[in-house]
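> next one to model:
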Amino acid sequence: MDFVEQLKSSVDIVNVIGEYVKLRRSGANRYMGLCPFHSEKTPSFTVHVVHQFYKCFSCGAGGDVVKFVQEKEGLSFYEALSLPEVSDPPLRTEVLDHWTGVVDRFRIPDQTRYVWYATVGADATTIWANFQGADPNVELVEINVRRSVFYPTEQHLDYITVRGFEMAQAACPWTPPTADQPGLIGPNWAKGWIIEDNVIHDAKCSAISIGKEASTGHNYATARGDKPGYQYQLESVFSARQIGWDKEHVGSHVIRRNTIFDCGQNGIVGHLGCVFSTIEDNHIYNIALKREFYGYEIGGIKLHAAIDVVIQRNRIHDCSLGTWLDWQTQGTRVSRNVYYANNRDLFVEVSHGPYLVEHNIFASAASLELFCQGGAFVNNLVCGTLRFESVMDRATPYHVPHSTQIAGYAVIYGADDRYVGNLFIGGDRDQAYAPGSEFHRTATHGTSGYDGHPASFADYLARIDAQPPGDLQRFPGVKQPAYIRGNAYAAGARPSESEQDALIIGGAVSVGIVEDGDAVYLQTELPEDFDRARVGVVTGLDLEHVRFADADYEERDGSPAVMDVDLVGERKELGLNYPAGPIAGLAAGTAHVRVW
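A predicted model of the protein is given here:
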């Protein structure tokens with residue numbers, strides 16, 4: 001039993017919440033009261049005795065006893081822009097997500113009225129704060145300036161295990177890929193750390209950092225102003241190779257079974273230092289929801305150069321972006337994760353692959369954003385939009401397979417993607433991107449965005465051969481292939497015109513994620529047509545060779561990748577057929593399947 005489970009088993013949730021809320025019994029196993037997280041006159045706040053969880057059916061607040069105490073007692077303050085705002089801060093219920101243009105909700109509206117402001121001089125810093133009637137001389141109040149909680153000052157302190165702690169409140173700085181990347185906890189350019197079974201929260205920026213150090217570049221674009229950050233980031237890759245960025249000296253960390261929440265920038269971050277690592281069985285939520293930062297380095301998990309990184313069996317929800325894989329996503333595997341209630345679920349940027357995304361649930365309105373090439377998507381449930389685009393103004397490196405050795409670099413033509421055995425669900429594009437916003441027009445439900453792309457490599461080469469004689473100029477105007485087969489489409493999701501065996505499912509379809517205390521369920525209502533959506537076990541031998549990286553889909557040991565375990569851990573047998581989507585036992589009719 002891990003630290004969190006031990007804590008929860010030692011207390012009764014009714015007694016704890018009863019200290020804050022007047023509860024009355026409502027049935028054999030439930031209590032009800034007025035929600036402490038928003039103003040209401042009619043009780044909608046429920047506490048369940050048997051399952052030890054609470055839920056407000058009005059504002060949506062919910063969780064276990066640990067989460068209740070954290071949200072009620074451990075609130076961080078919002079930073080005000082001016083001193084007058086401290087006196088009477090407004091109650092804010094909604095906030096704009098800058099990337100999608102969609103209005104999101106504040107999870108705890110009352111928290112937005114707890115604000116602070118500071119003036120910093122040469123000799124003194126003065127802080128003003130609004131405690132909403134609480135006496136800071138009586139309550140526990142912490143003004144924190146420590147950069148980290150556990151972070152070595154020296155590099156290459158290898159093979160350290162950190163287990164079973166609650167670690168919180170660190171004023172760690174912004175962690176871009178062009179600077180030193182300290183977090184609340186991290187190895188500081190080392191190898192073989194294990195960070196497991198911890199509760200980690202309230203990092204000003206990033207909770208766990210497995211990122212780069214300062215000698216390979218530290219905010220040079222800002223300090224010098226002579227070259228763009230992109231160029232300095234490119235240089236940092238070559239600088240890292242010169243100081244021993246390889247499998248023998250850096251990376252290979254294990255981050256597992258942690259609960260990570262309430263951080264301003266990232267739950268887990270890392271450029272370069274993340275290589276060959278495993279991130280598994282973590283619960284990550286409430287990341288970057290205060291919206292105090294805007295930048296291109298934000299996510300529940302945000303990695304650059306995630307070479308041979310495995311991200312599996314994580315629950316990631318209520319983040320401005322679930323997972324962002326940026327630059328050099330090669331040999332990376334995103335497997336058996338549950339994403340929901342994020343502004344966006346998965347974003348892969350300026351990478352050449354091969355990377356593999358298999359047996360996941362992407363349940364948010366904006367599911368997949370791909371500014372990259374060389375991906376393979378196998379047996380996923382995609383409930384939201386998919387959009388991809390080329391990036392012709394930024395060339396990024398690719399590597400010798402399973403190595404940090406640089407093999408070349410190229411711009412992003414887009415596509416060279418594979419989709420096999422996925423279940424796509426249609427929806428309202430306006431929920432993903434605001435009408436008129438930059439990405440609204442090109443977002444689709446299903447794979448129809450690949451219309452016009454060649455369906456085979458032979459077709460691609462024929463189109464290249466048809467170009468006028470030349471070299472570089474022959475390629476940019478020719479779309480890369482899209483290998484799409486064996487997928488199912490429901491509720492208005494549309495296949496690419498090149499997919500010959502697409503199954504379009506008619507009839508009413510309902511798919512949703514339901515939280516029940518600590519458990520998460522996939523709830524589905526599928527018509528009979530769904531049972532015709534069948535596909536065999538997919539391996540790397542079934543997936544087309546990746547063009548730019550000149551590589552195949554492999555396990556870390558170089559053998560062909562095998563995708564034979566579904567989201568809930570059921571093993572699939574080679575030679576048999578299974579339903580489209582991430583769950584081997586899913587069938588037509590009504591289903592209520594625990595996925596976490």
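> next one: the residue lying farthest from the centre of the chain from F475, what distance?
Relative to the centre of the chain, the most outlying C-alpha is that of P469, 43.9 Å out, by Cα atoms, centre = their mean. Distance, P469 to F475, using Cβ to Cβ, to the nearest Å: 13 Å. Using the backbone N, CA and C atoms, a C-beta is placed for each residue, glycine as well.
> next one: I287
For I287, the distance to F475 (Cβ to Cβ) stands at 38 Å.
> so which of the two has more stuff around it?
In this view I287 and F475 are compared by other Cβ atoms under 10 Å, and I287 has more residues nearby, 31 against 14.
> and the more buried one, what is it in contact with?
Counting by Cβ atoms under 8 Å, 6 or more residues apart in numbering, I287 makes contact with 260-263, 265-267, 298-300, 318-320.
> can you rerun that using 6 Å?
With contact set as Cβ atoms under 6 Å, 6 or more residues apart in numbering, I287 has these partners: 263, 267, 300, 319.
> gap between the helix or strand containing E85 and the chain center?
If you go by DSSP states H and E, E85 is part of helix 84-87. Averaging C-alpha positions (Cα atoms, centre = their mean, to the nearest Å) puts helix 84-87 35 Å from its chain's average.
> got it, and stretch 32-47?
Worked out by Cα atoms, centre = their mean, stretch 32-47 lies 31 Å from the chain centre.
> for it, measure first residue to last.
With Cα to Cα, to the nearest Å as the measure, the ends of stretch 32-47 fall 6 Å from one another.
> in it, what counts as buried?
32-38, 43-47 (16 or more other Cβ atoms under 10 Å).
> those residues: which two are farthest apart?
H38 and V47 (16.2 Å; Cβ to Cβ).
> quick one: the helices in the stretch 51-200 of the chain?
Using DSSP state H, counting those that start in this stretch, the helices assigned to the stretch 51-200 of the chain run over residues 65-73, 84-87.
> what is the nearest of the contacts of I287 to G101?
C319 (17.4 Å).
> report the separation between the closest residue to P187 other than its chain neighbours and C205.
Excluding the flanking residues, the one nearest P187 by Cβ to Cβ, 6 or more residues apart in numbering is W193, at 4.4 Å. Applying Cβ to Cβ, the value for W193 to C205 is 19 Å.
> same check on R441?
33 Å.
> swap in E142?
For E142, the distance to C205 - Cβ to Cβ - is 17 Å.
> ok, the two, which is more surrounded?
Using other Cβ under 10 Å, the more surrounded residue of E142 and C205 is C205, with 26 against 9.
> and this protein, what are its domains?
Domain ranges of the chain: 3-72, 78-130, 152-305, 307-596, per automatic domain parsing.
> mean confidence for the shortest one?
Put plainly, it is domain 78-130. When pLDDT is averaged along domain 78-130, the result is 94.
> so which elements touch the helix or strand harbouring R333?
Taking DSSP H and E as the definition, R333 sits inside strand 332-335. Strand 332-335 makes packing contacts with strand 310-312, strand 355-358 when contacts are defined by 3 or more Cβ pairs under 6 Å, 6 or more residues apart in numbering; DSSP states H and E.
> how far is it from where the chain is centred?
Distance, centroid of strand 332-335 to centroid of chain: 12 Å (Cα atoms, centre = their mean).
> likewise stretch 110-122?
29 Å.
> and that stretch, how far apart are its ends?
The first and last residues of stretch 110-122 sit 34 Å apart, counting by Cα to Cα.
> what are the buried residues along that stretch?
Those would be 110-117, for stretch 110-122 by 16+ other Cβ under 10 Å.
> returning to what we had before: and the helices and strands packed on strand 332-335 as TSV, adding mean neighbour count, distance to T404 and mean pLDDT?
Converted to TSV, the helices and strands packed on strand 332-335 look like this (neighbours: other Cβ atoms under 10 Å; distance: least, Cβ to Cβ, whole Å; pLDDT from 0 to 100):
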stretch	mean neighbour count	distance to T404	mean pLDDT
strand 310-312	22	17	98
strand 355-358	26	16	98
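> between those, which gets nearest to A488?
strand 355-358 (15.7 Å).
> what packs against the closest one?
Using 3+ Cβ pairs under 6 Å, 6+ apart: strand 355-358 touches strand 332-335, strand 375-378.
> buried deepest among those, which one?
strand 375-378 (a mean of 26; mean count of other Cβ atoms under 10 Å).
> got a list of contacts for the very next helix or strand once past that one?
As assigned by DSSP H and E, the chain's next helix or strand after strand 375-378 is strand 381-382. The contact list for strand 381-382, computed with Cβ under 6 Å, 6+ apart, reads 361-362, 367, 422-424, 581-582.
> repeat the analysis, applying 10 Å as the threshold.
Applying Cβ atoms under 10 Å, 6 or more residues apart in numbering, the contact partners of strand 381-382 are 338-339, 345-346, 357, 359-363, 367-368, 419, 422-425, 445-447, 487, 489, 493, 511, 522, 524, 567, 580-583, 586, 595.
> now do that strand: distance to the chain's middle.
15 Å.
> hmm, back to that, for the helices and strands packed on strand 355-358, which one sits closest to Q500?
Taking the helices and strands packed on strand 355-358 one by one with Cβ to Cβ, strand 375-378 is closest: 17.9 Å.
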